[in-house]
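A.B. asks: Fold the following and give me the result.
(one chain, ligands or ions: 7)
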Amino acid sequence: MASPMLKLNASPLLLQLLRWVCVVVLAASLGTTVVSGRHHSSAASSSSGSTGQSMYLAPSCRSHTASLADFGGVGDGTTSNTAAFRSAVEHLSQYSGDGGAMLYVPAGKWLTGPFNLTSHFTLFLHSDAVILGSQNISEWPVIAPLPSYGRGRDHAGGRYASLIGGSNLTDVVITGNNGTIDGQGAMWWSKFKSSKLKYTRGYLIELMWSDTVFISNVTLLNSPAWNIHPVYSSNVVVQWVTILAPTHSPNTDGINPDSCTNVRIEDCYVVSGDDCVAIKSGWDEYGISYNMPSQHIVVRRLTCVSPTSATIAIGSEMSGGVSDVRAEDIVAVDTESAVRIKTAVGRGAYVRDVFARRMTLTTMKRVFWMTGDYKSHPDDGYDPNAIPVVENISYQDVVATGVYKEAARLEGIDGAPFKGICIANVTAELSKSKKYPWMCTAVEGVSAANVSPAPCEALQQNKDGECPFPTDTLPIDDVAVQQCAYDVPAPAAEAAAAAGPKA
Ligand SMILES: *[C@@H]1O[C@H](CO)[C@@H](O)[C@H](O)[C@H]1NC(C)=O
Ligand SMILES: *[C@@H]1O[C@H](CO)[C@@H](O)[C@H](O)[C@H]1NC(C)=O
Ligand SMILES: *[C@@H]1O[C@H](CO)[C@@H](O)[C@H](O)[C@H]1NC(C)=O
Ligand SMILES: *[C@@H]1O[C@H](CO)[C@@H](O)[C@H](O)[C@H]1NC(C)=O
Ligand SMILES: *[C@@H]1O[C@H](CO)[C@@H](O)[C@H](O)[C@H]1NC(C)=O
Ligand SMILES: *[C@@H]1O[C@H](CO)[C@@H](O)[C@H](O)[C@H]1NC(C)=O
Ligand SMILES: *[C@@H]1O[C@H](CO)[C@@H](O)[C@H](O)[C@H]1NC(C)=O
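C.D. replies: Ligands and ions are numbered 1, 2, ... in the order given. I've put the predicted structure just below:
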């Protein structure tokens, strides 16, 4: 009954109750909120001074705070801070067993190559902090491909590290007062388009094999490719995040949970050149053998602009399986489709129990889109007998206007039709009338009378009332967050002067 996150929280929470005087308990819509904080400078930042207290929400608060400026960081937009970020995290990792640490990124433009985070750690960005991705490719280490993909997504072989990375971590927070992480992707997009890269592009944020990840109140700009990529991870929350990239930038997907369990994506605003959210789980034979699904995923109050892609995509890499995806209160303006399921022979596994409701969609190619022959294989080693199963897919309470292609294109796999499709209460207003507004092959399902235009015959078996939508809550809905107080480190210049040279 208790969520993994609640269990995780129990002991730091008790410690804080014992150690700190200032504890106020509030009720919050997300669960229990506890206000806690230290009123003196932490060990890590004692020499930098402080300019008062501030608050943020996170699953756990930290006992130690340090500023990037304490580690030789220079926020002038041209000096490389790769060494500063890496030594800051390295130094602060000593506190992971002692209440954890927060690295504060002050106002300024902090150019950096990739760096990794540590456990029980918070990266906090001031509202005017901008972390800039290095344009010097030698600063980007090349790392191994993901085991469930067998190769990089752009190229065979390895891939560039992600700007902000981490593996095998517990309790990681990336937050702030809406500070910015700017991947400066234009250089990568142009090299990618002209085939000048030897390795797959890095992502903006990638956490692998991690548990309890909370990303909130940051703006992500111009990622070289995907923006947020939690992979082989569990208990992930992404909330109040703005993601912006040019609508024709290649593969700038917004949030891609990949072989993850218990994920909540809420109140995010995404403008991008690829899917706003894409739920994945590995690619063909590599994904089948790694066998790690994405499941128990909820997406709420997403706003998406993505003229060349989907609001929420499932696949095309889904070879570890995808199940229990819930999407509601979705707004999309200028997209290719609402939910799109993409798969192919060779992927194996399944996509099942996908539920979407309350979607308001303006200007789009097609409302519903399922593709059973997406192709795109990692290599020729895929198993032609690995046929994916797609079943139990429900869409309801949808209003779409300006639909310029069809209401739906639903293409299952011959001999392995997509089954259990349920559609209710949908109005799709086509910008031009079409003879066949629903294009269906190899699909089976039901629809209610209140679907307009009327669905293809394969879905016309009458359905009374609504399609299913789970009524239980997921463990990730019950995550407890605390109101964390921290001492704002002094501005960079003062801090540098006060701190003097660091050992
Ligand atoms: C970050 O972690 C990855 C995966 O463990 C590793 O390959 C990479 O070398 C690390 N990068 C740095 C800068 O430490
Ligand atoms: C690029 O990064 C490499 C590796 O850190 C460094 O040796 C080199 O000086 C950098 N080049 C420039 C132009 O900054
Ligand atoms: C992280 O965990 C994975 C899965 O257990 C393991 O294969 C990998 O070696 C670990 N990586 C590091 C850097 O410890
Ligand atoms: C994070 O964003 C939410 C929603 O906009 C806002 O209520 C909250 O105050 C923000 N938190 C911080 C620390 O800025
Ligand atoms: C955060 O910053 C982005 C980019 O400047 C802006 O579009 C967005 O509205 C801001 N969010 C909040 C809650 O202030
Ligand atoms: C479809 O999902 C609903 C809601 O979770 C569940 O009750 C039902 O058993 C599923 N149907 C099939 C055929 O798996
Ligand atoms: C149909 O969907 C619309 C839009 O979400 C909603 O306002 C309305 O209440 C729904 N009707 C029924 C009968 O559920």
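A.B. asks: For this protein, which segments count as helices?
C.D. replies: If DSSP state H is used as the criterion, the helices of the chain fall at 4-19, 82-92, 186-193, 284-290, 492-499.
A.B. asks: Comparing these, which yields the minimum mean pLDDT?
C.D. replies: Least confident of the helices of the chain, judged by mean pLDDT, is helix 4-19 with a mean of 34.
A.B. asks: For the residue in the stretch 151-300 of the chain positioned nearest to ligand 6, list the residues it contacts.
C.D. replies: Of all residues in the stretch 151-300 of the chain, His296 sits closest to ligand 6, with a separation of 11.5 Å (C-beta to the nearest ligand atom). (C-beta placed from N, C-alpha, C; glycine too.) His296 makes contact with 261-263, 324, 474-476 under the criterion C-beta atoms under 8 Å, 6 or more residues apart in numbering.
A.B. asks: Could you do Thr303 as well?
C.D. replies: Contacts of Thr303 (C-beta under 8 Å, 6+ apart): 268-270, 330-333.
A.B. asks: can you list the residues of the chain near ligand 7?
C.D. replies: Within reach of ligand 7 by C-beta under 6 Å from any ligand atom, the chain has these residues: 358, 397, 399, 425.
A.B. asks: Identify the bridge partners of the third one.
C.D. replies: Listed by DSSP bridges, the beta-bridge partners for Val399 are Thr360, Thr427.
A.B. asks: Let me know whether it touches Thr360 as I believe.
C.D. replies: Yes - here Val399 reaches Thr360: they are 5.5 Å apart, a contact under C-beta atoms under 8 Å.
A.B. asks: Include neighbour count and distance to Leu207 when you put the residues of the chain next to ligand 7 into CSV, please.
C.D. replies: Conversion of those to CSV gives the following (neighbours: other C-beta atoms under 10 Å; distance: C-beta to C-beta, whole Å):
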residue, neighbour count, distance to Leu207
Arg358, 17, 30
Asp397, 19, 33
Val399, 15, 36
Asn425, 20, 38
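A.B. asks: who's Trp438 bridged to?
C.D. replies: Going by DSSP bridges, Trp438 forms beta bridges with Ala408.
A.B. asks: Tell me how many other residues crowd it.
C.D. replies: Residues lying near Trp438 (other C-beta atoms under 10 Å) number 26.
A.B. asks: Over to His126?
C.D. replies: Neighbours of His126 (other C-beta under 10 Å): 23.
A.B. asks: Might you report the residue contacts of it?
C.D. replies: 104-107, 176-177, 179.
A.B. asks: As JSON lines, the residues you listed with neighbour count, distance to Ile205 and pLDDT would be great.
C.D. replies: As requested, the contacts of His126 are exported to JSON lines (neighbours: other C-beta atoms under 10 Å; distance: C-beta to C-beta, whole Å; pLDDT from 0 to 100):
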{"residue": "Tyr104", "neighbour count": "27", "distance to Ile205": "18", "pLDDT": "98"}
{"residue": "Val105", "neighbour count": "29", "distance to Ile205": "14", "pLDDT": "98"}
{"residue": "Pro106", "neighbour count": "24", "distance to Ile205": "20", "pLDDT": "97"}
{"residue": "Ala107", "neighbour count": "15", "distance to Ile205": "21", "pLDDT": "97"}
{"residue": "Gly176", "neighbour count": "22", "distance to Ile205": "13", "pLDDT": "98"}
{"residue": "Asn177", "neighbour count": "14", "distance to Ile205": "18", "pLDDT": "97"}
{"residue": "Gly179", "neighbour count": "23", "distance to Ile205": "13", "pLDDT": "98"}
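A.B. asks: Need the residues you listed in a markdown table (columns: distance to Ser249).
C.D. replies: What follows is the contacts of His126, written out as a markdown table (distance: C-beta to C-beta, whole Å):
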| residue | distance to Ser249 |
| --- | --- |
| Tyr104 | 30 |
| Val105 | 25 |
| Pro106 | 29 |
| Ala107 | 27 |
| Gly176 | 24 |
| Asn177 | 26 |
| Gly179 | 21 |
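A.B. asks: Closest one to ligand 3 out of the residues of the chain next to ligand 7, please.
C.D. replies: Nearest to ligand 3, judged by C-beta to the nearest ligand atom, of the residues of the chain next to ligand 7 is Arg358 at 37.5 Å.
A.B. asks: need the contact list for Ala428.
C.D. replies: Here Ala428 is in contact with 367, 398, 400, 403, 407-408, 437, 452-453 (C-beta under 8 Å, 6+ apart).
A.B. asks: which non-adjacent residue is nearest it?
C.D. replies: Excluding the flanking residues, the one nearest Ala428 by C-beta to C-beta, 6 or more residues apart in numbering is Ala407, at 4.0 Å.
A.B. asks: Can you tell me who the nearest residue to Leu221 once chain neighbours are set aside pairs with across the strands?
C.D. replies: Sequence neighbours aside, Asp182 is the residue nearest to Leu221 in space, at 4.2 Å (criterion: C-beta to C-beta, 6+ apart). Legend: beta-bridge partners of Asp182 under DSSP bridges are Leu132, Leu221.
A.B. asks: okay but Asp182 is in contact with Ile131, surely?
C.D. replies: Yes - assessed by C-beta under 8 Å, Asp182 is found in contact with Ile131 at 7.0 Å.
A.B. asks: which of those two has more neighbours?
C.D. replies: Legend: neighbour count by other C-beta under 10 Å for Asp182 and Ile131, higher for Ile131 (28 against 19).
A.B. asks: ok, the more buried one to ligand 4 distance?
C.D. replies: According to C-beta to the nearest ligand atom, to the nearest Å, Ile131 and ligand 4 sit 17 Å apart.
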